[in-house]
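Engineer: Structure here, sequence nowhere to be found:
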Ligand SMILES: [Zn+2]
């Protein structure tokens, strides 16, 4: 496996609508290797999501999730539950928004390092996609998981989280975010 180079804001690949994968190609060694490398890259940079265009591959594919933390099971605090994101590989996603509820929360992006800003997203979604075995899947997600899936799917359409900000008043460098806004919370890049 290898750690891939991440495209930063300004690279045209981040502004290009990515191509769908043919279901028959999903199981190819090239795509399976790409998925493994994307997981390794995401974990190396402590991200919570990574889309293929962020590693210079203009394909409708992303990985997301956090390995479970020790003590997760015994600690059922409300915020902790919202922050948990299962490991997933999502290919050719189609998102449907469920209900009209939105949530406003901080985001960061591996392609816009050391910056945080608040973004409004749908609170609950359903996603139809293929998984890494080429099987059709349908998942329901809410809270932070739904936020990550929306952020990553935006990358497949050439959209960055800055485009989704209603106002830039909360746009912060990481040092200032930690000092004035975070209240000790770690907001991962994705
Ligand atoms: Zn991002």
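Structural biologist: Thanks, I have it. Please read these numbers as outputs of a predicted model, since none were measured by experiment.
Engineer: who touches the closest residue to the ion within the chain in this structure?
Structural biologist: Residue of the chain nearest the ion, by C-beta to the ion: residue 109 (3.2 Å). For glycine as for every other residue, the C-beta is placed from the backbone atoms N, C-alpha and C. Contacts for residue 109 (C-beta atoms under 8 Å, 6 or more residues apart in numbering) come out as 9, 115, 151, 160, 161, 189, 190.
Engineer: And the buried ones among those residues, selectable in ChimeraX?
Structural biologist: Here is the ChimeraX command that selects only those of those that count as buried (16 or more other C-beta atoms under 10 Å):
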select :115,151,160,161,189,190
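Engineer: among the contacts of residue 109, which are in helices?
Structural biologist: The helices, defined by DSSP state H, take in residue 151 from those.
Engineer: Now render the contacts of residue 109 as TSV, adding distance to the ion and pLDDT.
Structural biologist: Below are these laid out as TSV (distance: C-beta to the ion, whole Å; pLDDT from 0 to 100):
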residue	distance to the ion	pLDDT
9	9	98
115	11	98
151	6	98
160	7	98
161	6	98
189	7	97
190	5	97
